[in-house]
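Q: Sequence and computational prediction follow.
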Amino acid sequence: MNLKHLSLTLAIAGCLAQQAGLAQVNDYRDLKYPTLPDFKIPKPEVFTLPNGLQVFLMEDPELPLIQVNARIRTGANYEPADKVGLASLMGTVQRTGGTSRQTGDEIDDFLAARAASIETGIGGDSGSAGMDCLKQDFDDVFKVFNEILRTPAFAQEKLDLAKVSVNTGIARRNDNVGGITSREIARLVYGPDSPLARMTEYATIKAITREDLVAWHKAYYHPNQILLGVVGDFKAAEMKQKIEAMFGDWPKGPDQDKTPVAYRKEPAPGYYFIEKSDINQANIVMAHLGIETRNPDYFAAQVMNEVLSGSFASRMFSNVRSKKGLAYSVYGSMGSSLSHPGLFRAGLQTKLSNTTKAIDAVRSEVIGMIEKPATADELKLAKDSILNSFIFNYDSKEKILSQQMTYAYYGLPSDYLEQYRANIEKVTAADVARVAKKYLHPDQLAILVVGKATELDQPLTNLGKVTTIDIAIPPPPDSAPKIEKNSAKLEAGKKLWGEVVKAMGGETLKKAEAVQSTMSIGLSMGGQSFSMKQTATIVFPDKVRQVMSLPMGEQTMVINGNESFARMGDKVEPLPANLAAEQKKEQGRNLLYLLHYHDDAELELVADKEEAVGGVNCRILATEFKGVESRMWIAPDGKVLKQTYQGINPITRTPGTVEAVYSDYRQEASIQVARKQTRLMNGEQIMTINIETFELNPKIDPALFKKPAE
C-alpha cells in the first residue's frame, strides 16, 4: 500500500471512529458538536464618481450573468395629493415609453432577442431601475439601460395605456377583501390624507400629464441621487471603467431636501365596519402605530413578534387557531419601516358567526403579551427561529449587494446585518416584557371588520361605538363641459324633449308596466372580440333581469329594488356593489326609463348647441334624472341619434365616456325602437347591440326576480 492509500485509509478510519462514538449516544440531547467557524459576509467594493453616483460592485463568476440595480432617491410619498399615482405611472412609462433613440416596443424586441430584461418602478420612498443579461450582451444592454435611466421619452400612447391599467386596478380594488382590509386599516392609523395611505382615484389619474412625468424625472433623476449596484461575472476593475465611461458625463444635480412623510400621530381607537355582502367570512384586523427600524428596541420587538405569532408554536396560533378553532390563519406583528413607523397589527379571517368571539380572542393575546411575559422556552424558541433563518439573509450575492445598497440608502452602517444577529442574541425575557409594555397599546387599537352585517354573531355596537366606512369608488370626472343653465335653455329643453316624447312613443311607454327584448351583442377588447345573446326584462319602477348566454354557460343578473344578485349555474352570489350601483345609474339614463318618466318632476332638461351626427344636424339635449347625467343628440324628426354619459366598460370595468349611437329605428307597439346600437368607450368601439325582438307588457312571472334559497 502506497503512502497516498495509507493516508486515505487512516482518514476514513477516523471518520468511522467518530461516527461510532456518536452512535453510542442514547439521547440526542447528549450529542456534542464542534463550534462552527465565524462566517464572514462578503462586502462589495464601493466607490463614488465625481458627479456623486455611488457604485457597489460584487463579483460572482458562478454563472455568466450580470445584474444591475439602481436605487433612486425619490418616491410616491412626495407626489402631490391631487395627482396620486404620478410616481407609479412615471416608473412604468419610463420603461415602456422608450427613449430618445428607440421606442418602447423596439426595446422590447431588442431585449427579447437577448433573453435580457430592463425594468423600472417607483415605490413609496425610493425608485428603482434594474437589468439582467448574459455576460456577452452586457455592453449593448447596459447602453440601453443608461438611456432609459437618463433620457426616457415618456411616449404619450404608453402613458395612456398605463392609465388604463391603473384605472382597471381602481375599478377592481374592492374585489379582494384582503386588499380592502389592509388598505383601510392603514388609512385609519396613518390618516386618509397621509401619503402612506392615500389612494389613486380616477380623478387623480386623469389629472396626470406627460409633462408631469418629464418634470418628475428632471427633479429627481440625477447621478448624486442614485446608488448603482452591479453583481455577476465580471472583473471589478473593468466594470469600474465601463461605469465611468457610461455615467461619468452625467451632470451632477441639486441635492434633494426631502420633507419627512406626514402621518397621524394621535391614535383613532374604536370599532369600524365595512359592509361586503358577497363574502361568507369576516375579515378582522386591529392596528395602531408601530415603530421605526432604527429604534434601539427593534430587535427586542422582533423577538416579541416571534413569541406572539411567528410560528405554529406562537401564542396566536396555539390559542386562537388551535385551541379555540377560530381561524385557519391568524397573525400579529410590530411592523417597522426605515423611513417612518410601521403598523402594529393583528387579525384573522373567521366565520361571520364567530366575529365578536374572534375579536375578543385576538385582543386577549395582545393584552396577554403585556400581562404574561415570555417564558424561557418561548424566548429560546423565538430567538432560535430568527437566528436559524438568518442564513437566508445572505444566501446569494445578489441579496448581500441589495442589503448593502439598502443600508447605504437609509444611512445605516454597512455591518448592520452582523449587528442584527448579535442584537437578537442579546435580547432577554426582560427586554421582551419591556417592549411589550412600551409599544403595545390595546386601548389605542382601531378594530376593523369587513363582512356581512346581518350574519354576524351579534351587532358590533354591543362592543362599542361603530363607525361605518364607505368604500364606494368615486366616479371619474365628466370630461364634457358643463352646459350653462338658464331659464331660456331650460324652457327650450322642455320643448325639445316634448318633440322626442311625441316622436318616440313616450306616452305609450309611460303607461307600460314592463318591456322585454332579446338581442345579440358583440364585444371588442384589445383586438379580440366575442358575441353573446341576452334577454333583458324591465319591470317599472325598479326591477331588471338580464339573462346572458356566455361561452362558459348562462349567467343571470337581477336587480329587485335594493336587492341584487347574480346566478351562474347553481351558484348564487350578491352582485358586487360597484356593478349594482352601475345598474342603478342605468335607470337614470336609459332611453326607455327616461321616456317612461318623461314628465317626472326630477327630470331636468337643458337645450344646448347644434352638432352633426352622421351628416344629420342635431340639437343637443342635456338630461339629469335621479342624479345621473347624459347628453342626447336629437334629429329634426325627434329621434335620438346619439347619447353620451359617464359609464363603465363591461369587460375591463374601467370608467370613461360612453358614446351610444342609435340607428335602424323601427316602430314596435307605437314605440320607436333603435334596432342597432354601437357603443364606444373613450372613442374606441367596445360593443354592438342588435335588437331582435321587443315586447311591451309581456307576461312576467314575479318569481324570476326572487333570489333562490341558499
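A: Nice, thanks for sending it over.

Q: Please make it C-alpha for all contacts and neighbour counts, starting now.
A: Noted.

Q: Next secondary structure after the lowest-mean-pLDDT helix or strand in the chain?
A: Least confident helix or strand, the chain: helix 3-23 with a mean of 43, by mean pLDDT, DSSP states H and E. For helix 3-23, the succeeding helix or strand toward the C-terminus, using DSSP states H and E, is strand 45-48.

Q: Could you check how far the next helix-or-strand element following that following strand is from the centre of its chain?
A: Sequence-wise, the next helix or strand beyond strand 45-48 is strand 54-59, with elements assigned using DSSP H and E. In terms of Cα atoms, centre = their mean, to the nearest Å, the centre of strand 54-59 is found 33 Å from the chain centre.

Q: Check stretch 618-627 too.
A: Relative to the centre of its chain, stretch 618-627 is centred 36 Å away, using Cα atoms, centre = their mean.

Q: ok, and what's touching that stretch?
A: Outside stretch 618-627, the residues within contact range by Cα atoms under 8 Å, 6 or more residues apart in numbering are 483, 493, 496-497, 588-589, 594, 602-612, 629-636.

Q: State the mean pLDDT of stretch 239-257.
A: For stretch 239-257, mean pLDDT rounds to 94.

Q: tell me which residues of stretch 258-274 are tucked away?
A: By neighbour count, with 16 or more other Cα atoms under 10 Å as the criterion, the buried positions of stretch 258-274 are 263, 267-274.

Q: and these as JSON lines, adding pLDDT and distance to I691?
A: What follows is those, written out as JSON lines (pLDDT from 0 to 100; distance: Cα to Cα, whole Å):
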{"residue": "Y263", "pLDDT": "96", "distance to I691": "55"}
{"residue": "P267", "pLDDT": "93", "distance to I691": "58"}
{"residue": "A268", "pLDDT": "93", "distance to I691": "55"}
{"residue": "P269", "pLDDT": "96", "distance to I691": "55"}
{"residue": "G270", "pLDDT": "96", "distance to I691": "54"}
{"residue": "Y271", "pLDDT": "97", "distance to I691": "51"}
{"residue": "Y272", "pLDDT": "98", "distance to I691": "47"}
{"residue": "F273", "pLDDT": "98", "distance to I691": "44"}
{"residue": "I274", "pLDDT": "97", "distance to I691": "40"}
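
Q: Dump the residues you listed to TSV, plus distance to L381 and secondary structure.
A: Supplementary listing: those in TSV, determined by distance: Cα to Cα, whole Å; DSSP: H, G, I helix; E, B strand; the rest coil:
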residue	distance to L381	secondary structure
Y263	35	coil
P267	33	coil
A268	34	coil
P269	33	coil
G270	34	strand
Y271	34	strand
Y272	35	strand
F273	37	strand
I274	38	strand
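
Q: which of the residues you listed lies closest to V320?
A: Y271 (20.2 Å; Cα to Cα).

Q: and the contacts of stretch 618-627, which are buried?
A: For these, a neighbour count by 16+ other Cα under 10 Å gives the buried set as 493, 496-497, 588-589, 594, 603-608, 629-635.

Q: Among the residues you listed, which lie within helices?
A: Those of the buried ones among the contacts of stretch 618-627 mapping onto helices are 493, 496-497, 594, per DSSP state H.

Q: ok, so of those, who is nearest V84?
A: The closest of these to V84 turns out to be L594 (Cα to Cα; 37.1 Å).
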